[in-house]
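**Student:** could you work out the structure for the sequence below:
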Amino acid sequence: MKRFAVIGLGKFGFHAAKALFEDGNEVIAIDADKGKVQAIDAHCTEAIVLEATDKAALKPLGLENMDGVIVSTGTKISTSILICLHLQEIGTKKILVKALDEDHGKILKRVGATEIIHPERDMALRVSRGLSRPNVLDFIPLSEGFDLVQVGPPRQFIGKSLKDLNLRAKHNVYIIAIKELVPENFTLVPPASFVIKDSDILIMLGKSEDIKRIKALK
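**Tutor:** Take a look at the predicted model:
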């Protein structure tokens with residue numbers, strides 16, 4: 001189980017928190033609006049009414065120990081910048097912030113954001129590229145209860161070949177491709193002799209419950 005926090009519970013923040021929670025993660029949802037906090041309460045581990053621009057209020061939440069913190073605070077640019085700065089000073093390792101435009105994104109990077117989210121732009125690119133050059137990850141028609149995902153290898157997979165792991169027999173999942181980061185390479189339908197490195201990304205197909213068990217491995 002991973003631990004995440006979502007600060008700002010507008011449409012994007014609400015659905016991000018809900019999706020993370022439904023994937024079996026621990027999720028703390030934060031907003032200054034009591035109504036928004038009440039709305040997310042059933043879809044997260046803990047829902048907190050809190051003004052996230054107050055650094056002293058953020059400190060006791062243990063955000064520096066989270067696997068990631070998403071910041072999605074609406075149209076007031078200064079709010080997201082200040083929260084991002086506080087998170088960076090607290091020691092949060094992974095800070096993902098929704099930006100309103102490119103300049104906003106540049107400022108967020110300067111104050112500690114590790115990843116910038118442009119929801120409308122990113123979705124437009126995904127749809128457009130899917131039309132012009134379909135991507136199997138986004139557009140393969142999967143039956144209900146099946147997932148096609150990219151995951152980092154669990155520790156026990158590293159240094160072993162696909163033959164040794166025998167994932168189809170042991171876990172009922174299929175590795176259909178591997179994205180190597182070091183050196184950069186993409187292997188479609190990797191051979192059984194392929195040895196997994198800690199920097200590899202596994203593109204895996206299987207039942208949702210089986211995929212979830214793989215993600216839970218240490």
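**Student:** what about the strands in the protein?
**Tutor:** 3-7, 26-31, 46-49, 68-71, 95-98, 115-117, 146-151, 173-181, 184-188, 201-207 (DSSP state E).
**Student:** could you redo these as JSON lines and give each row mean neighbour count and mean pLDDT?
**Tutor:** All C-beta atoms are positioned from the backbone trio N, CA, C, and that covers glycine. Listed next are the strands of the chain as JSON lines, based on neighbours: other C-beta atoms under 10 Å; pLDDT from 0 to 100:
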{"stretch": "strand 3-7", "mean neighbour count": "26", "mean pLDDT": "97"}
{"stretch": "strand 26-31", "mean neighbour count": "25", "mean pLDDT": "97"}
{"stretch": "strand 46-49", "mean neighbour count": "17", "mean pLDDT": "97"}
{"stretch": "strand 68-71", "mean neighbour count": "24", "mean pLDDT": "96"}
{"stretch": "strand 95-98", "mean neighbour count": "24", "mean pLDDT": "95"}
{"stretch": "strand 115-117", "mean neighbour count": "16", "mean pLDDT": "91"}
{"stretch": "strand 146-151", "mean neighbour count": "16", "mean pLDDT": "84"}
{"stretch": "strand 173-181", "mean neighbour count": "17", "mean pLDDT": "91"}
{"stretch": "strand 184-188", "mean neighbour count": "10", "mean pLDDT": "88"}
{"stretch": "strand 201-207", "mean neighbour count": "19", "mean pLDDT": "90"}
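**Student:** which outside residues touch stretch 68-88?
**Tutor:** Here stretch 68-88 makes contact (C-beta atoms under 8 Å, 6 or more residues apart in numbering) with 2, 4-10, 12-13, 16-17, 52-53, 55, 58, 63, 92, 94-100, 104, 107-108, 111-113, 117.
**Student:** CA atoms only for that stretch, dumped as CSV, please.
**Tutor:** Taking C-alpha atoms only, stretch 68-88 is exported to CSV below (Å, rounded to 0.1, in the frame of the first residue of the first chain):
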residue,chain,number,x,y,z
GLY,A,68,3.3,11.6,-3.5
VAL,A,69,1.3,14.8,-2.9
ILE,A,70,-1.0,16.2,-5.5
VAL,A,71,-1.9,19.9,-5.4
SER,A,72,-5.0,21.1,-7.3
THR,A,73,-6.2,24.3,-5.9
GLY,A,74,-8.2,26.1,-8.5
THR,A,75,-7.5,29.3,-10.4
LYS,A,76,-5.6,31.3,-7.7
ILE,A,77,-2.0,30.9,-8.9
SER,A,78,-0.4,32.3,-5.7
THR,A,79,-2.2,29.6,-3.6
SER,A,80,-0.6,26.6,-5.4
ILE,A,81,2.8,28.3,-5.5
LEU,A,82,2.8,28.9,-1.7
ILE,A,83,1.6,25.3,-1.0
CYS,A,84,4.2,23.9,-3.3
LEU,A,85,6.9,25.9,-1.5
HIS,A,86,5.7,24.7,1.9
LEU,A,87,5.7,21.1,0.8
GLN,A,88,9.3,21.5,-0.6
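**Student:** and residue 71, how far from residue 116?
**Tutor:** According to C-beta to C-beta, to the nearest Å, residue 71 and residue 116 sit 10 Å apart.
**Student:** mutual contacts of the two, please.
**Tutor:** Contact with both residue 71 and residue 116 is made by residues 96-97, according to C-beta under 8 Å, 6+ apart.
**Student:** of the contacts of stretch 68-88, buried ones?
**Tutor:** Buried subset of the contacts of stretch 68-88 (neighbour count, 16 or more other C-beta atoms under 10 Å): 4-9, 12-13, 16-17, 52-53, 58, 63, 92, 95-99, 104, 107-108, 111-113, 117.
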